[in-house]
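Trainee: give me a 3D structure for the following:
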Amino acid sequence: MIENPFVLVLNSLLPEPQASLLNGMLFGIRADMSYSFYQALQVTGVLHVIALSGMNISILIDIVGKLLYPFGKKISAVFSIIFIIGFVIFVGASPTVVRAAIMGSMGLVAIIFGKRYWSLLALFLASGVMLLFRPDWIYDISFQLSFLATVGIILANKVVKREFSKRWSKQLIYAFKENLVMT
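Mentor: Numbering: from 1, shown residues only. The predicted structure follows:
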């Protein structure tokens, strides 16, 4: 396996367990993590922060989108897709990353063509494409949990009605309700 050069840099700059935590959050790498630290993450219920998922793709899209927004939405979307592909190659094509990459790319393609994005449809299409190429993933717990968690997030997001207000108190209440329902 090719060693990720960024992991080496992080390991040289940060002490343990901070280096392992950041490597897990950014690249999904758990190899250097001590068993006791892994257990501590598991016991406290925050093990999910070191799993690569849709959040990583969302952050990537957000960063690239903000950097390239002056060039227009379409240019920004095209480059975001290129960065998503690079990210998947860089971190490895696990079921959670592939699902998030396909769904994120579908959203960006909708922006390019000026169409509406249907997240639930995108999830089923992404899962179908994934299973066409890797039918064995249907038995992979990572694929199953990623699919079910995404269904939950999509459906829970429809429960909280968006309230646009200039008052900070209403924005705070909305953010609290949205995060409570999502959790």
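Trainee: excluding its backbone neighbours, what's nearest the residue positioned nearest the centre of the chain?
Mentor: A centroid search over the chain (CA atoms, centre = their mean) returns Gly54, at 1.8 Å, as the residue closest to the centre. Distances taken as CB to CB, 6 or more residues apart in numbering put Ala100 closest to Gly54, at 3.8 Å, once the chain neighbours are dropped. Bear in mind the C-beta positions are built from the backbone N, C-alpha and C, glycine included.
Trainee: packing partners of the strand or helix carrying the one you found?
Mentor: In this assignment (DSSP states H and E), Ala100 forms part of helix 95-113. Judged by 3 or more CB pairs under 8 Å, 6 or more residues apart in numbering; DSSP states H and E, helix 95-113 is in contact with helix 54-68, helix 73-91, helix 119-133, helix 141-159.
Trainee: mean pLDDT for those helices: which is lowest?
Mentor: Least confidently modelled of those is helix 141-159, at a mean of 85 by mean pLDDT.
Trainee: now the angle between helix 119-133 and it, please.
Mentor: Angle of helix 141-159 versus helix 119-133, following axes from the mean of the first three to the mean of the last three CA atoms, to 10 degrees, is 170 degrees.
Trainee: ok, how many other residues are close to Ala51?
Mentor: For Ala51, the count of nearby residues is 18 (other CB atoms under 10 Å).
Trainee: got the contact list for it?
Mentor: Contacts for Ala51 were tallied using CB atoms under 8 Å, 6 or more residues apart in numbering; they are Gly28, Thr96.
Trainee: how about Gly104?
Mentor: Gly54, Ile57, Ser58, Leu60, Ile61, Ser80, Ile84.
Trainee: weed out the non-buried ones from those residues.
Mentor: By neighbour count, with 16 or more other CB atoms under 10 Å, the contacts of Gly104 hold Gly54, Ile57, Leu60, Ile61, Ser80, Ile84 as buried.
Trainee: a markdown table for these, including distance to Asp136?
Mentor: A markdown table is the format used below for the buried ones among the contacts of Gly104 (distance: CB to CB, whole Å):
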| residue | distance to Asp136 |
| --- | --- |
| Gly54 | 22 |
| Ile57 | 23 |
| Leu60 | 27 |
| Ile61 | 29 |
| Ser80 | 30 |
| Ile84 | 24 |
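Trainee: and stretch 141-154, what's buried?
Mentor: For stretch 141-154, burial by neighbour count (16+ other CB under 10 Å) applies to Ser142, Phe143, Ser146, Phe147, Thr150, Ile154.
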